[in-house]
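Undergrad: A predicted structure for the sequence below; I have some questions about it.
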Amino acid sequence: MYRIMTPGPTQVRENVRLARSRECTNPDLDKDFFLFYRDTCRLISSLLDSQNETLILGGEGILGLEAACASLTEPGDPVLVIANGIFGESFADFVKIYGGKPEVYTAGDQESIDVDELAQYLQGHHDFTYATVVHCDTPTGVKNAVEQICPLLKSYGILTVVDSVSAMFGEQLHVDAAQIDLVCGGSQKVVSAPPGLAFVTVSEDAKAAMRNRKTPIASFYANLMLLEGCCAKGWFPYTMPVSDINGLRAAMENIRDDADIRARHERIAAAVRSALCEAGLELFLKNGYASTVTAFCVPDGTTDREILDTMQTEHNIMLADSFGKYAGQLIRIGHMGENATEENVRETMRALDQTFESLGVQTGAGLEQAFLDAL
């Protein structure tokens, strides 16, 4: 097996794997499982500093994003899509699928959303049912200040939807204080459980908007209202993936017990960026660096494929390229969740040193030593 140093899926701790191997019950009938699901949802809410209800969905992280849009969007609704990356832009597709009219507010792909500029824009453009924003746009690793953006949106009565799949628990996120109505996470990023689950924390304002719709939600599986209060009802709208949720619970308990998790992510990310710059490699972003993923430009004289293939075949380490408009241009290091340890990143930097040497790429400094010096 490769050492996975990608920005999701990430490495999975042994206790999470063992939790997934427990004997499987019938979640539709087992009262103890309803309590287990409820307590797991409450744990997620508490880790997000939120009194809002969390719902766990049986599907990869993108299901949460679509479910948020499906549950809020009615035909003709104006929706503000705040975008500075591929996943930010893709919210517009979900809005269109469910009959909404997206208005895309774009910023440069190499920097975070400027909150002051957004505030000026909203003075003349604020007639929106809800707005979407990405906390960390994974293809580039750009981070947005959702704890400033969402209160600004709410000051105009705009509901807020945040994709925090690639940032949650690796970045600061106080959901209630930030006035976030729906925040979406996934199992395979900082959480460090296998892919397969999404979870959405839903405010009372968002629930009221869903209840007061003029038209039915145009989905079954992506209808968040079907899961609301399911534990109290003793009924799930579809059969829950028991083993996945067992693993998720163990992973969330790992996060709960890790007091250094956010500081460690920030420390390692800063050291990675420092090392890359000292070696003369070019970071893709100008600002807005996330603590969970770093993207650097493919150096002259080689290709993304040559770097990735050499890392895998010679060093047994898997990094990621990017995709869409960034295809072929970037290499991404996922220092998130179980990946984000000094040992994992040190070995990755050592392997990159050797990879660049074998490919004939000259660097200004050794990445491994520069990383250690920057810690």
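TA: All right, it came through fine. Quantities reported herein were computed from a predicted structural model and do not represent experimental measurements.

Undergrad: rest of the way, CA atoms for contacts and neighbours
TA: Noted.

Undergrad: what residues are up against residue 178?
TA: Under the criterion of C-alpha atoms under 8 Å, 6 or more residues apart in numbering, the neighbours of residue 178 are 146, 147, 148, 150, 151.

Undergrad: Let's see if you can find the most crowded of those.
TA: Greatest neighbour count in the contacts of residue 178, by other C-alpha atoms under 10 Å, goes to residue 146: 27 neighbours.

Undergrad: didn't that one look like it was pressed against residue 131?
TA: No - under the criterion of C-alpha atoms under 8 Å, residue 146 makes no contact with residue 131, lying 11.6 Å away.

Undergrad: what is in contact with these two at once?
TA: Contact criterion C-alpha under 8 Å, 6+ apart; no residue bridges residue 146 and residue 131 by contacting each.

Undergrad: the helices in the stretch 51-200 of the chain, which residues?
TA: Chain-ordered helices for the stretch 51-200 of the chain, with DSSP state H, counting those that start in this stretch as the definition, fall at 62-72, 86-97, 115-124, 146-154.

Undergrad: Just say which of those helices is most tucked in.
TA: Burial among the helices of the stretch 51-200 of the chain, expressed as mean neighbours by mean count of other C-alpha atoms under 10 Å, is greatest for helix 62-72, which shows a mean of 25.

Undergrad: That helix to helix 86-97, inter-axis angle?
TA: Taking axes from the mean of the first three to the mean of the last three C-alpha atoms, to 10 degrees, one finds that helix 62-72 is oriented at 40 degrees with respect to helix 86-97.

Undergrad: Let's have the helices of the stretch 51-200 of the chain in CSV, adding distance to residue 138 and mean pLDDT.
TA: Compiled in CSV, the helices of the stretch 51-200 of the chain are given as follows (distance: least, C-alpha to C-alpha, whole Å; pLDDT from 0 to 100):
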stretch, distance to residue 138, mean pLDDT
helix 62-72, 12, 98
helix 86-97, 8, 97
helix 115-124, 20, 97
helix 146-154, 15, 98
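
Undergrad: Turn these into JSON lines, columns for distance to residue 104.
TA: Listed next are the helices of the stretch 51-200 of the chain as JSON lines, based on distance: least, C-alpha to C-alpha, whole Å:
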{"stretch": "helix 62-72", "distance to residue 104": "15"}
{"stretch": "helix 86-97", "distance to residue 104": "7"}
{"stretch": "helix 115-124", "distance to residue 104": "12"}
{"stretch": "helix 146-154", "distance to residue 104": "15"}
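
Undergrad: And these: which comes nearest residue 353?
TA: Nearest to residue 353, of all the helices of the stretch 51-200 of the chain, is helix 86-97, at 29.7 Å by C-alpha to C-alpha.

Undergrad: Not counting the least confident helix or strand in the chain by mean pLDDT itself, show me its contacts.
TA: Considering only helices and strands, the least confidently modelled element of the chain by mean pLDDT, DSSP states H and E is helix 230-233, at a mean of 81. Judged by C-alpha under 8 Å, 6+ apart, the contacts made with helix 230-233 from elsewhere in the structure are 34, 35, 37, 38, 236.

Undergrad: Mind doing that once more with 6 Å?
TA: For helix 230-233, the surrounding residues in contact (C-alpha atoms under 6 Å, 6 or more residues apart in numbering) are 34, 236.

Undergrad: and that helix, which residues are buried?
TA: 230, 231 (16 or more other C-alpha atoms under 10 Å).

Undergrad: List the buried residues of the helix or strand that it is followed by.
TA: Using DSSP states H and E, the helix or strand that follows helix 230-233 towards the C-terminus is helix 242-256. Neighbour counts using 16+ other C-alpha under 10 Å place 242-255 of helix 242-256 among the buried residues.

Undergrad: mind checking which of the helices of the stretch 51-200 of the chain is nearest residue 227?
TA: From the helices of the stretch 51-200 of the chain, taking C-alpha to C-alpha, the stretch that ends up closest is helix 62-72, at 11.3 Å.

Undergrad: so how far is that closest one off the chain centroid?
TA: The chain centroid and the centroid of helix 62-72 are separated by 14 Å under C-alpha atoms, centre = their mean, to the nearest Å.
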